[in-house]
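> No sequence on hand, only this structure:
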């Protein structure tokens, strides 16, 4: 259930990296992948990154991203746990320079969902199950007309969710 733009069954960790959306309908879901450090799972580094608390002493890669201010609405961990960082009615900073159907800045009208993973590792079945549940709820509450990968809206910059993401496992493709 979504109540006051928050997913009731998700763990809530509010990121400071968001701002007010323009007066524009939420019509797009963007699927991403993330792992910190790259290729490493089952840690708290993504949560730390999205809340500007990443300890750069933990890994040399973290020094390269220490000044980035990013977030997503949701993160689905490898075990299926869903964490919400930004209320759906606010603009999370997940898409960067992007466009979909002639509209630029997809952050203005999209919900960003990060899957803990990378381009080279198959996703867990429990992640697909959680993602499908979330998509069903979002489509019930918002006028979602498309579900795309980050690579679809930023094709020259991004590759995620990557070749290991099985689009046919989504039952709500629009």
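Arrived safely, thanks for sending. Quantities reported herein were computed from a predicted structural model and do not represent experimental measurements. Numbers count the residues shown, from 1 in each chain.

> Could you tell me how far the helix or strand where residue 131 lies lies from the centre of the chain?
Residue 131 belongs to helix 125-141 when elements are defined using DSSP states H and E. A distance of 13 Å separates the centroid of the chain from that of helix 125-141, by Cα atoms, centre = their mean, to the nearest Å.

> who does the closest residue to residue 137 other than its chain neighbours bridge with?
What sits nearest to residue 137 in space, not counting adjacent residues and going by Cβ to Cβ, 6 or more residues apart in numbering, is residue 2, at 5.5 Å. In short, each C-beta sits where N, CA and C put it, glycine included. Bridge pairing for residue 2 (DSSP bridges) gives the partners residue 7.

> Is residue 2 in contact with residue 138, as I believe?
Yes. Counting by Cβ atoms under 8 Å, residue 2 sits close enough to residue 138 to count as a contact (7.5 Å).

> Identify the contacts common to the two.
residue 88 (Cβ atoms under 8 Å, 6 or more residues apart in numbering).

> Comparing the two, which shows the higher neighbour count?
residue 138 (21 against 18; other Cβ atoms under 10 Å).

> which other residues reach the helix holding residue 131?
1-2, 7, 29, 31, 74, 76-82, 88, 111, 113, 115-117, 144, 147, 166, 169-172.

> Show me these that map onto strands.
Mapping the contacts of helix 125-141 onto strands (DSSP state E) picks out 2, 7, 29, 31, 74, 76, 82, 111, 113, 115, 116, 147.

> Many thanks, I have nothing further to ask.
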